[in-house]
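Student: quick check, what structure comes out for this input:
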Amino acid sequence: MGILARGGSSGDWRFLGAALKHMRGQAAATQAQVAAELNMDRKTITNYEGGRVPASAPRVPDGYYAVAVFFGLRRSDVDTLLKGPEVAARKYIEEGFYELKNEISVNERHLLANWVVEQASPMLQGRYAQARVLHEASQSSGAPTSEDPATNPLLRTARTLDDAMDALPEAFHFGRLCVELGASEADRLQFDRAALELLRQANEAVIKKAQMRIEEVLGSQTLDSLDSASHGREADG
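Tutor: As a prediction, this is how the structure comes out:
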């Protein structure tokens, strides 16, 4: 029986295997332990983590889904991971950010999302980082979060930064077109570096402002709680 080592027509098997291996590490489990719990052969787990599946497999082997569920993931995560780091990261940036707004604790899927984004491009990593920090700043106030950019400055800032990130490829395209028309390649490279530096500065500034907002709100909440406690002691006295 042939072995498909990577990708093939069905997807990025090696990336899927690396993700399952990462989750096993998070669970502090050995391949033998996982195999025993799922009544599978340890070599099967080894093949899964190495991105090796039978070349004749007509679809994703059921064992992949069993391993994913065992680690606290969903069956749909297997299909998402098979699409590779960039597509999977974009999905988890959107889906993971939504879950962070509705769940108190960080679960296994959040751990997976963090790892997936780390495997993706720096641009996606920056977008994920600013989304999480801006969300924390919004939630730290304790007030309902407005979904209207006109009344929610943090959301408006996030949207503006998203627009800047989306515009970056167009800036690169502009530079390449100019070179085709006879402009200097060295100047194009300098232009690209300047564009990346501007985006880096903008991203850092947004995150810094959001973090300051978190500290400001948390500090005022601490002072309010201390003031309430002080008034309570005076009343008791």
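Student: tally of neighbours for residue 31?
Tutor: Residue 31: 18 surrounding residues under other Cβ atoms under 10 Å. Bear in mind the C-beta positions are built from the backbone N, C-alpha and C, glycine included.
Student: who are the contact partners of it?
Tutor: Contact analysis of residue 31 by Cβ atoms under 8 Å, 6 or more residues apart in numbering lists 24, 42, 45-46, 49.
Student: now go through the residues you listed and say which are in strands.
Tutor: The members of the contacts of residue 31 all map outside strands under DSSP state E.
Student: any chance of these in JSON lines, with neighbour count and pLDDT too?
Tutor: Shown next, in JSON lines, are the contacts of residue 31 (neighbours: other Cβ atoms under 10 Å; pLDDT from 0 to 100):
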{"residue": "24", "neighbour count": "20", "pLDDT": "95"}
{"residue": "42", "neighbour count": "14", "pLDDT": "95"}
{"residue": "45", "neighbour count": "24", "pLDDT": "96"}
{"residue": "46", "neighbour count": "14", "pLDDT": "95"}
{"residue": "49", "neighbour count": "20", "pLDDT": "95"}
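Student: need the contact list for the residue lying closest to residue 72 once chain neighbours are set aside.
Tutor: Leaving aside its chain neighbours, residue 72 sits nearest to residue 108 (3.3 Å; criterion: Cβ to Cβ, 6 or more residues apart in numbering). Applying Cβ under 8 Å, 6+ apart to residue 108 gives the contacts 23, 26, 71-73.
Student: follow-up on the earlier one: of the contacts of residue 31, which is the nearest to residue 160?
Tutor: The closest of the contacts of residue 31 to residue 160 turns out to be residue 24 (Cβ to Cβ; 39.8 Å).
Student: could you check how far the closest one is from residue 32?
Tutor: Distance, residue 24 to residue 32, using Cβ to Cβ, to the nearest Å: 11 Å.
Student: and what of residue 46?
Tutor: According to Cβ to Cβ, residue 46 and residue 32 sit 10 Å apart.
Student: please apply the same query to residue 67.
Tutor: 14 Å.
Student: do the same with residue 178
Tutor: As defined by Cβ to Cβ, residue 178 lies at a distance of 58 Å from residue 32.
Student: neighbour-wise, which of the two wins?
Tutor: residue 178 (15 against 10).
Student: list the contacts for that one?
Tutor: Shown in contact with residue 178 (Cβ under 8 Å, 6+ apart): residue 188.
Student: which strand or helix spans it?
Tutor: Element membership for residue 178, per DSSP states H and E: helix 153-180.
Student: check residue 22 too.
Tutor: In this assignment (DSSP H and E), residue 22 forms part of helix 13-26.
Student: hey, where'd the strands end up in this protein?
Tutor: Taking DSSP E as the criterion, the chain carries its strands at 3-4, 53-54.
Student: neighbouring strands - and their directions - for the last one?
Tutor: So that's strand 53-54. Note on strand 53-54: by DSSP bridges, its sheet partners are strand 3-4 (antiparallel).
Student: below-threshold pLDDT in the chain: ranges please.
Tutor: Applying pLDDT under 70 to the chain picks out residues 1-10, 55-58, 96-106, 122-123, 126-155, 158, 210-211, 213-237.
Student: export the contacts of residue 31 as TSV, with columns for distance to residue 118.
Tutor: Shown next, in TSV, are the contacts of residue 31 (distance: Cβ to Cβ, whole Å):
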residue	distance to residue 118
24	17
42	28
45	23
46	24
49	18
